[in-house]
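Asks: structure here, sequence nowhere to be found:
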């Protein structure tokens, strides 16, 4: 509270008294009173320390606003490093003096200990870790946190195990009052001991404890990242601030802000309770391409580029897979091999000729997604689910507008088994799974995974002779399928050459309101285009492929570029602030996805001479970073319409809390 507000409170009555509490647990002698009339009678903490600094030139003071439980902000970490750099002996081991750091917070527990760990890590890089590690071996309890997020982080940073070992050693030495591993374990045990409907002070206990576990885990992951940053940058005297270093590692940003999904390790038998249900994938109005009658699959279509055998569709059932395979391998189509690529990152099964996905009772409109899970882990969940369905009666929704019905199924197949069944009839077929997140920007690794499939089949002589057909599908055949079509189309165009219509002066004129935004000519896109070599042509090629993806589609379908402005325009008619925020985020997601396609096309042009031996992820780290691409992504906004950008302009905010708003279930690990 500012001083003037305190004085206003104190002078509301003639006695000029201000009341405060020293002990909130023992209120018998509380509150205390203090007489205050002038500003001189009160000092804020910054004034106390600043006056001391004036008399002592070797003291520095900085206020770092650490959160109660989660990781500190990048701004505060940069500020902490700046204070350290001011010390004369910061990098000189031969300097006669040494540095001491003192951290304080409200009660001297969590935030103080976090500061102590950070300070100790910095000083350990100055003095060496030998003494710290040797002391830790005597004090450590040996308890290890082996959460999935920790293992993923260690795989992303160089020498991850050693970096983690150093952090654990420092945590042990600073953990006399507050030990982060102990806090994580205690919160985890409390969480797993609560029930779904348990309340504390009117709030859901499980939800509170789940958030607490996520915050503690995020703090621990931050410390590992911070130590990795110190390992790289200490010898370079912190040429890069922590915020810039983190921006240039987008995979770390995503992981730090999405440390756990509430259903990450949920048991599949929740469908036997009222917590989760099986819901049919097909719904009224899904088939906007009117292909269901012909090939038994909604939204089946071909990329509209002559000689490019790339197709997309919604989730097929057994008869759909058969119909599509027979259609593509017929003499009329002339293909001799079919590649089926599943893009779903949720658990789906086919039951008696109809596909279903698992939905949470609180969010029946969307399948329960599993971001970060590999195709093997998803298929393992699907195999477990099939065993449960085969031996139980299951409550299913065939239409969300109707009540669920209890059903028994005689035949239950996973998507992988569905493809294997078809292979018995069609030997010339291959099945892949590349899990993509629904309606968000794909990661660099997602592009690499798609590229792996394309390289294996799209570069072959069979494909060159138009014999191999690549078919992508997701649940609806819209967002993720269209992205895969666009990515494949770009790669194929670089292999065979771009057709007429992709070069300057060859585009059709667009005559409609706000045409420049329909064409993707936003200020932030133009800024990117100007920093890329031949950037306007790079964008034209992306636009050409996107337009060819949609030339035969109905207006209701999904156009990756045009949906940006369409979504942003909906903000005007939004009925609540929450809806406005959701639309702002969705429109920026669409804009970012478009920008990533432009960057991917730049990569295809740049590395074509070496036949793309380097991955897109590697190219982004080694080449795009030097052009300031990540600085642009960290300032993403609709500057054409907004004087003040939204919070979602930063990578941290835009990529954070991507979990679905569903209750926690299962184990926290």
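Replies: Thanks, I have the structure now. These numbers were taken from a predicted model, which means no experiment stands behind them. Residues are numbered from 1 along each chain as shown.

Asks: ranges for the helices of the stretch 101-250 of the chain?
Replies: Ranges of helices within the stretch 101-250 of the chain are 110-127, 130-139, 148-156, 160-174, 180-192, 205-233, 242-247, 250-256, based on DSSP state H, counting those that start in this stretch.

Asks: which of the ones you listed sits closest to residue 60?
Replies: helix 110-127 (12.6 Å; Cβ to Cβ). Backbone N, C-alpha and C define where each C-beta goes, glycine included.

Asks: rewinding a little: out of the helices of the stretch 101-250 of the chain, which is closest to residue 314?
Replies: Closest approach to residue 314 among the helices of the stretch 101-250 of the chain is made by helix 250-256 (27.4 Å; Cβ to Cβ).

Asks: what average pLDDT does that closest one get?
Replies: Taken as a whole, helix 250-256 has a mean pLDDT of 95.

Asks: contacts for that helix?
Replies: Outside helix 250-256, the residues that touch it by Cβ atoms under 8 Å, 6 or more residues apart in numbering are 71, 149, 152-153, 156-157, 218, 221-222, 225, 246-247, 443-445, 617, 620, 630, 633, 651-652, 655.

Asks: let's have the helices of the stretch 101-250 of the chain in TSV, adding mean neighbour count and distance to residue 291.
Replies: Putting those into TSV (neighbours: other Cβ atoms under 10 Å; distance: least, Cβ to Cβ, whole Å) gives the following:
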stretch	mean neighbour count	distance to residue 291
helix 110-127	21	56
helix 130-139	13	63
helix 148-156	17	39
helix 160-174	20	47
helix 180-192	18	46
helix 205-233	22	42
helix 242-247	20	43
helix 250-256	21	35
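
Asks: for those helices, which has the smallest mean pLDDT value?
Replies: helix 130-139 (a mean of 65).

Asks: from residue 330, how far off is residue 336?
Replies: According to Cβ to Cβ, to the nearest Å, residue 336 stands 11 Å off from residue 330.

Asks: these two: which has the busier surroundings?
Replies: Each of residue 336 and residue 330 has its neighbours counted (other Cβ atoms under 10 Å); residue 336 has more, 13 against 10.

Asks: following the lowest-mean-pLDDT helix or strand in the chain, which helix or strand shows up next?
Replies: Using mean pLDDT, DSSP states H and E, helix 461-464 stands out as the lowest-scoring helix or strand of the chain, at a mean of 58. Downstream of helix 461-464, the next assigned helix or strand under DSSP states H and E is strand 468-473.

Asks: pairing partners for that next one, with directions?
Replies: strand 310-313 (parallel), strand 337-342 (parallel) (DSSP bridges).

Asks: now the shortest one: buried residues?
Replies: For strand 310-313, the neighbour count (16 or more other Cβ atoms under 10 Å) marks 310-313 as buried.

Asks: any idea which helix or strand carries residue 330?
Replies: Applying DSSP H and E, one finds residue 330 in no helix or strand.

Asks: read off the pLDDT value for it.
Replies: For residue 330, the predicted pLDDT is 93.

Asks: renumber starting at 265 from here on
Replies: OK, 265 is where the count begins now, so the last one is residue 594.

Asks: pLDDT weak spots in the stretch 715-864 of the chain?
Replies: Applying pLDDT under 70 to the stretch 715-864 of the chain flags the ranges 724-730, 771-776, 815-822.

Asks: ranges for the helices of it?
Replies: Taking DSSP H, counting those that start in this stretch, the helices of the stretch 715-864 of the chain run over residues 725-728, 743-760, 779-782, 787-795, 799-814, 826-833, 841-870.

Asks: helices or strands up against the longest one?
Replies: Spelled out, that is helix 841-870. Under the contact criterion of 3 or more Cβ pairs under 8 Å, 6 or more residues apart in numbering; DSSP states H and E, helix 841-870 touches helix 743-760, helix 787-795, helix 799-814, helix 826-833, helix 880-886, helix 893-897, helix 915-919.

Asks: now render the ones you listed as a markdown table, adding mean neighbour count and distance to residue 717.
Replies: Below are these laid out as a markdown table (neighbours: other Cβ under 10 Å; distance: least, Cβ to Cβ, whole Å):
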| stretch | mean neighbour count | distance to residue 717 |
| --- | --- | --- |
| helix 743-760 | 23 | 9 |
| helix 787-795 | 17 | 27 |
| helix 799-814 | 21 | 17 |
| helix 826-833 | 20 | 25 |
| helix 880-886 | 18 | 14 |
| helix 893-897 | 19 | 25 |
| helix 915-919 | 19 | 25 |
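
Asks: hang on, the earlier thing: residue 630: which of the strands paired with strand 732-737 is closest?
Replies: Smallest distance to residue 630 across those (Cβ to Cβ): 17.8 Å, for strand 601-606.
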